[in-house]
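K.L.:
structure here, sequence nowhere to be found:
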């Protein structure tokens, strides 16, 4: 509506005045209705939605002042502007009218240009206020019906506005809301973080995003993603706006997912460790010479167990990456030995495809800040991919390019190349080319996604170059380090070891346990034994004595058989029953499953240290990656399904040698 549009009411008991004023207003484009008295005017106001009233003060029956009083009972000056029309010398009437809520006045005889200007000004104000009100109503409707919790608080943290979802979610009524501050609804454990975020947004005057926990009236925790910002006027903090997105259900789903992942980690990794290890030992001839048919079946079972292990490990790695929980032990390390180890470990896999791995090494050392096991994992992924897509009797080449403060590692094959339509998705999760030629190569489709996340954690980049029918080169680039770390290349067995194994490695892999000289199969199956029985079964030392604390007897049997050449292994399923012999120095080493007790990793380590356990060194053999930087007893960690038989034997020997020295 323009300033010269709208429905006007002209109220005057003088017919000539009514007619003259109404005609002039009609010429200006207004719609006009006239009333010869106050009573009729009030009736018309009830029937019509007027935009403005021109009201004469001096009228019989009901004068303009009385009409104004009744109008203001139902309409504000914004909702219905009233301009008084009066004689020049009626100063008292003008003052009274203005005090009662008149918007303006014009005097008789009417100066029409002035009158029109005042009418136009009031219409402008009304239209602006009306538009503002409509806008506020739209936003209020938007806020009140939003799915997020919305609040506005003063600079004293008093609530000025909360939307309907806020009230429904937290359970407070308006009277209760007015009695407390915004901090009162924050969980006590999260209040410091909330105040820190508030201070930050006041300092940089931007939006601060963070997660926090709100408390309902009933004391229930509501997890939210919060966004807060401050409103300023003349550089003074006036209000703080907050929008909270309820993520409680998502947190519950995440918790269920974490519990499922934990279950997968323990319930699948533990039996797979026994299965894979036993098959590896059978394949290696521990039970004697096998027939050709039996050996073939064992190899098939072993290779498929490795595929299942890789799938589980990849899924668990992806979950850790997404949750930010993947463990990295960063050190300044020489790059070349890590590549040499990866090439050596994967050559057996390459032999199955009749492919040779060729490493063009540099003469000088190059240091990078990485986790050696995670970098080994990346190299294994790139090498295994290159091998699978290489022609038989061909080479996969590994090169190093060193330029200034960066080093690149290139893994090249002469395979069919990567289809153009797949190239943009190659680093995505579960990404595999769709053609049958690539599908039959197998794999989880997770390796490159994991590799990308690992390299980026090292502050590096990963990419590829490919040409159809000519081959593909995958490369990653890392920043170099000027000096080696103090701990690098030192055989410090106290360092945590998180170990991986290449796919389909031809080396025997995992665990085994033959003659359990100390505990019979029947006793093992009971998974418990009395402390005095453990003591009585320990003979004079001709070998190292190792206690294996493990819930799964099959894993114990496999481990025992692997270590039988240099150690006697004894079984127990609880820490409690093992304390007495341990405190008498009966054992040289403990191999322990972190799930031996239903408690957190932190609590388990506290118990180990508090019980002292005779200061016996510990090697964790567990289903999950652990961090034990502050434990005085723990010397190494092996993750089930991520290590080979040789690696377990080597780690145990190094621990025992370290003790002797």
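P.N.:
Ah, there it is. As the structure is a prediction and not an experimental result, all values here were calculated from the model. Numbers count the residues shown, from 1 in each chain.
K.L.:
quick check: bridge partners of the residue lying closest to residue 633 once chain neighbours are set aside?
P.N.:
Excluding its sequence neighbours, the residue lying closest to residue 633 (C-beta to C-beta, 6 or more residues apart in numbering) is residue 618, at 4.7 Å. Quick note: C-beta positions are derived from backbone N, CA and C, even for glycine. In this entry, residue 618 is beta-bridged to residue 590, residue 634, by DSSP bridges.
K.L.:
look up how far residue 589 lies from residue 618.
P.N.:
Separation of residue 618 from residue 589 (C-beta to C-beta, to the nearest Å) stands at 8 Å.
K.L.:
ok, residue 480 next?
P.N.:
From residue 480 to residue 589 the distance is 38 Å (C-beta to C-beta).
K.L.:
who has more neighbours out of those two?
P.N.:
residue 589 (22 against 16; other C-beta atoms under 10 Å).
K.L.:
on the three-state scheme, the residue nearest to that one when sequence neighbours are not counted is what?
P.N.:
Closest residue to residue 589 apart from its sequence neighbours, by C-beta to C-beta, 6+ apart: residue 546 at 4.8 Å. Following DSSP: H, G, I helix; E, B strand; the rest coil, residue 546 is assigned to strand.
K.L.:
burial count for residue 546?
P.N.:
Neighbours of residue 546 using other C-beta under 10 Å come to 23.
K.L.:
just to check, it is in contact with residue 652?
P.N.:
Yes: under the criterion of C-beta atoms under 8 Å, residue 546 makes contact with residue 652 at 7.4 Å.
K.L.:
shared neighbours of the two, which are they?
P.N.:
Common contact partners of residue 546 and residue 652 (C-beta atoms under 8 Å, 6 or more residues apart in numbering): 563, 567, 589, 591.
K.L.:
the third one touches residue 655, doesn't it?
P.N.:
Yes: under the criterion of C-beta under 8 Å, residue 589 is in contact with residue 655, at a separation of 5.8 Å.
K.L.:
name the residues contacting each of those two.
P.N.:
617, 619.
K.L.:
burial count for residue 370?
P.N.:
26.
K.L.:
oh, and call the first residue 11 from now on, that's how I've got it
P.N.:
Sounds good: first residue 11 from here, last item residue 380.
K.L.:
state the phi and psi torsions of it.
P.N.:
Torsion angles at residue 380 (phi, psi; degrees, to the nearest 10) stand at phi -150, psi 170.
K.L.:
how about it, what does it touch?
P.N.:
340-341, 343, 345, 348, 468, 488.
K.L.:
can you flag which of those residues belong to helices?
P.N.:
Counting by DSSP state H, those place 345, 348 in helices.
K.L.:
can you select the buried ones from the contacts of residue 380 in PyMOL?
P.N.:
Remark: buried members of the contacts of residue 380, expressed as a PyMOL selection using 16 or more other C-beta atoms under 10 Å:
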select buried, resi 341+343+345+348+468+488
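K.L.:
how about JSON lines for the contacts of residue 380, with distance to residue 564 and pLDDT added?
P.N.:
Formatted as JSON lines, the contacts of residue 380 follow (distance: C-beta to C-beta, whole Å; pLDDT from 0 to 100):
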{"residue": "340", "distance to residue 564": "36", "pLDDT": "89"}
{"residue": "341", "distance to residue 564": "35", "pLDDT": "90"}
{"residue": "343", "distance to residue 564": "36", "pLDDT": "92"}
{"residue": "345", "distance to residue 564": "39", "pLDDT": "94"}
{"residue": "348", "distance to residue 564": "33", "pLDDT": "93"}
{"residue": "468", "distance to residue 564": "37", "pLDDT": "93"}
{"residue": "488", "distance to residue 564": "41", "pLDDT": "96"}
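K.L.:
can you put the contacts of residue 380 in CSV and add distance to residue 250?
P.N.:
Converted to CSV, the contacts of residue 380 look like this (distance: C-beta to C-beta, whole Å):
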residue, distance to residue 250
340, 40
341, 45
343, 48
345, 51
348, 51
468, 40
488, 44
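K.L.:
from the chain's centroid, how far away is whichever strand or helix holds residue 321?
P.N.:
In this structure, residue 321 is located in helix 302-333 according to DSSP states H and E. Relative to its chain's centre, helix 302-333 lies at 28 Å (C-alpha atoms, centre = their mean, to the nearest Å).
K.L.:
same question for stretch 175-186.
P.N.:
From the chain centre to the centre of stretch 175-186 is a distance of 29 Å (C-alpha atoms, centre = their mean).
K.L.:
what is the end-to-end distance of that stretch?
P.N.:
For stretch 175-186, the first and last residues are 16 Å from each other (C-alpha to C-alpha, to the nearest Å).
K.L.:
list of residues touching it?
P.N.:
When contacts are defined by C-beta under 8 Å, 6+ apart, stretch 175-186 is touched by residues 154, 156-161, 187, 195, 224-228, 232, 254, 256.
K.L.:
I only care about those residues that end up buried; give me the ChimeraX line for that.
P.N.:
Of those, the buried ones go into a single ChimeraX selection, burial set by 16+ other C-beta under 10 Å:
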select :158,159,160,161,187,195,224,225,232,254,256
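K.L.:
among the contacts of stretch 175-186, which lie within strands?
P.N.:
Mapping the contacts of stretch 175-186 onto strands (DSSP state E) picks out 159-161, 224-225, 232, 254, 256.
K.L.:
from the residues you listed, which is closest to residue 246?
P.N.:
Using C-beta to C-beta, the shortest approach to residue 246 within those belongs to residue 161, at 20.3 Å.
K.L.:
surely that closest one meets residue 196?
P.N.:
No: in this structure residue 161 lies outside contact range of residue 196 using C-beta under 8 Å: 11.6 Å.
K.L.:
poorly predicted segments of this protein, please.
P.N.:
Counting by pLDDT under 70, the ranges of the chain that qualify are 11-14, 272, 274-276, 440-454, 493-551, 588-595, 609-612, 615-624, 634-642, 669-671.
K.L.:
the helix or strand containing residue 367 packs against which elements?
P.N.:
Residue 367 belongs to strand 365-370 when assigned by DSSP H and E. Strand 365-370 sits against helix 345-362, helix 382-398, strand 404-413, with contacts defined as 3 or more C-beta pairs under 8 Å, 6 or more residues apart in numbering; DSSP states H and E.
K.L.:
name the stretch among those that sits most buried.
P.N.:
Mean neighbour count (mean count of other C-beta atoms under 10 Å) peaks for helix 382-398 among the helices and strands packed on strand 365-370, with a mean of 24.
K.L.:
for it, name the packing helices and strands.
P.N.:
Packing contacts for helix 382-398, counted by 3+ C-beta pairs under 8 Å, 6+ apart, involve helix 345-362, strand 365-370, strand 404-413, strand 416-423, helix 457-467, strand 481-489.
K.L.:
let's see it at 6 Å
P.N.:
Judged by 3 or more C-beta pairs under 6 Å, 6 or more residues apart in numbering; DSSP states H and E, the packing partners of helix 382-398 are helix 345-362, strand 416-423, helix 457-467.
K.L.:
what inclination does it have with respect to strand 481-489?
P.N.:
Relative orientation of helix 382-398 versus strand 481-489 (axes from the mean of the first three to the mean of the last three C-alpha atoms, to 10 degrees): 170 degrees.
K.L.:
could you tell me the angle between helix 382-398 and strand 365-370?
P.N.:
Using the same axes, to 10 degrees: helix 382-398 against strand 365-370 is 130 degrees.
K.L.:
hang on, the earlier thing: can you list the buried residues in the helix holding residue 321?
P.N.:
Applying 16+ other C-beta under 10 Å to helix 302-333 flags 308, 311-312, 315-316, 319-320, 322-331 as buried.
K.L.:
now stretch 246-257
P.N.:
249-254, 256.
K.L.:
quick check: the farthest pair among these?
P.N.:
Longest span within those, C-beta to C-beta: 249 and 256, 22.6 Å.
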